[in-house]
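Colleague: model the following, please.
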Amino acid sequence: MTTENLKIIGFADDRSSKISQPLFFLENSKMITISDRNEISKYLHLFQKGSKCIDEHHPDVLLSNYPGRLGATVITLGQVKNIPVVVRLGGNMWKTNWEELKYNLDNRDLLSAIARIGQIGINELVNSNADGYIVVSSELQQLVENRINCSPERIKRVPVPVDSESYRDGDQVRGREIIGRKTEQVLLTVTNLRFKGKLQGIYNLIQELKPLLNIHSNITYVIAGNGKFLNDLRQCIARTVPKTIRDQIVVTGYVPNVSDLYAVASVFVYCSYIDGYPNVISEAMAAGLPVVANADHGMVEQITHKKTGLLVDADTEGEFTRTIGHILSNDDLANKLGSNAQKCMNIRNNPEQIGQEMAIALEEILNSVEARSS
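Modeller: Here you go, the predicted model:
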């Protein structure tokens, strides 16, 4: 079997672009999405639609965008039709699920806690039956190998595809309207406030940026993103940030077109203590922004230090402060990092390139499965 002849059916119910974009460039691939279905019927619909597609196209492998109920449905299809199933993992689902369960229990939300326990059980079921995994970072690759009884040959790393062009057409006027205040320099963080590890990263950034905001009234720090910890963030700012600089921190909540904020940002800053291969860093790089991030998780693979961005030790006090201040005062460095980052994204995370890498990864996983069964 060669990658040119490999027949793939991909399955997703949301954020489908992570596999639909690269599969689009593979001639013998098909994609099934169910994001427009209601929660009760969509997995039954997925099974029925998938079964019909399998009978028509006779695929070599089924690719699930992640575990959970989607993965369980695809695993069932694979077992019924006797076709190998590969699951894509975009983050540390073990840490995420246990963090969510703790949050539910701390808030005495027993129904959500029971649902989360069910989710953990489904994930374990998927993990024990999947034939292989595509992961987004080397850290996650090692984690899967340690957590699941799966040989390294069946765990392949493929980065996240990014449609770079879509992050270069932001509207500066709309971006400044979102910020809502006149400012010369914008430090931007886009994050998912559903995760406590990301919230803690924002807390760290706020503490690190206080000295810069104190000295430079023309700097605004913008935090975009939504999630259950949004109010916690706002309360933290009201409680810990002096009134003299509080207006220089803007929390936007959800922003429909985040490229408008990329268009007005001077530097993209990011800190997180739970992550896989954060999409927002790739988006900022595609937009041509200089990026400063903590040297953890997939960020160390996304950013080449001093070439396409700057990596810092989040545990060293003042490291973010010094690094961000250095970029803000050095236009040549900022322009060089942003330009290099954009060029890197055009090649490394190009969906067509990722499609080829995905096909190679799936072929190698299938070869390993066949060798094991022979």
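Colleague: which ones are touching G71?
Modeller: Neighbour list for G71: 64, 87, 122-123, 126, 130 [criterion: C-beta atoms under 8 Å, 6 or more residues apart in numbering]. The way it works is simple: take the backbone N, C-alpha and C, and place the C-beta from them, glycine included.
Colleague: actually V158, not the one I wrote
Modeller: Counting by C-beta under 8 Å, 6+ apart, V158 has contacts 134-136, 354, 357-358, 361.
Colleague: most neighbours among these, please name it.
Modeller: When neighbours are counted by other C-beta atoms under 10 Å, M358 leads the contacts of V158 with 29 neighbours.
Colleague: quick check: that one touching V135?
Modeller: No. Here M358 lies out of contact with V135, judged by C-beta atoms under 8 Å, at a distance of 11.8 Å.
Colleague: which residues are contacting the lengthiest helix in the chain?
Modeller: Longest helix in the chain by number of residues (criterion: DSSP state H): helix 351-373. The contact list for helix 351-373 (C-beta under 8 Å, 6+ apart) reads 1-3, 6, 8, 19, 21-26, 60-61, 63, 84, 86, 131-132, 134, 151, 153-154, 156-163, 347.
Colleague: what comes up buried for that helix?
Modeller: Buried residues in helix 351-373, counted by 16 or more other C-beta atoms under 10 Å: 351, 353-355, 357-359, 361-363, 365-366, 368-369.
Colleague: and for stretch 74-92?
Modeller: For stretch 74-92, the neighbour count (16+ other C-beta under 10 Å) marks 74-78, 83-92 as buried.
Colleague: check stretch 53-67 too.
Modeller: In stretch 53-67, counting by 16+ other C-beta under 10 Å, buried: 53-54, 59-67.
Colleague: report the lowest-confidence entry in these.
Modeller: By pLDDT, Y66 ranks lowest within the buried residues of stretch 53-67, coming in at 91.
Colleague: who are the neighbours in contact with that residue?
Modeller: Y66 neighbours (C-beta under 8 Å, 6+ apart): 87-90, 93.
Colleague: show me the contacts of helix 351-373 that map onto strands.
Modeller: 8, 61, 63, 86, 132, 134, 156-157 (DSSP state E).
Colleague: I'd like those as TSV, with distance to T240 appended.
Modeller: What follows is those, written out as TSV (distance: C-beta to C-beta, whole Å):
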residue	distance to T240
I8	50
V61	51
L63	45
V86	45
G132	46
I134	41
K156	43
R157	39
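Colleague: please identify the helix or strand for E124.
Modeller: E124 belongs to helix 110-129 when assigned by DSSP states H and E.
Colleague: and that helix, what does it pack onto?
Modeller: With contacts taken as 3 or more C-beta pairs under 8 Å, 6 or more residues apart in numbering; DSSP states H and E, helix 110-129 sits against helix 68-81, strand 85-89, helix 93-106.
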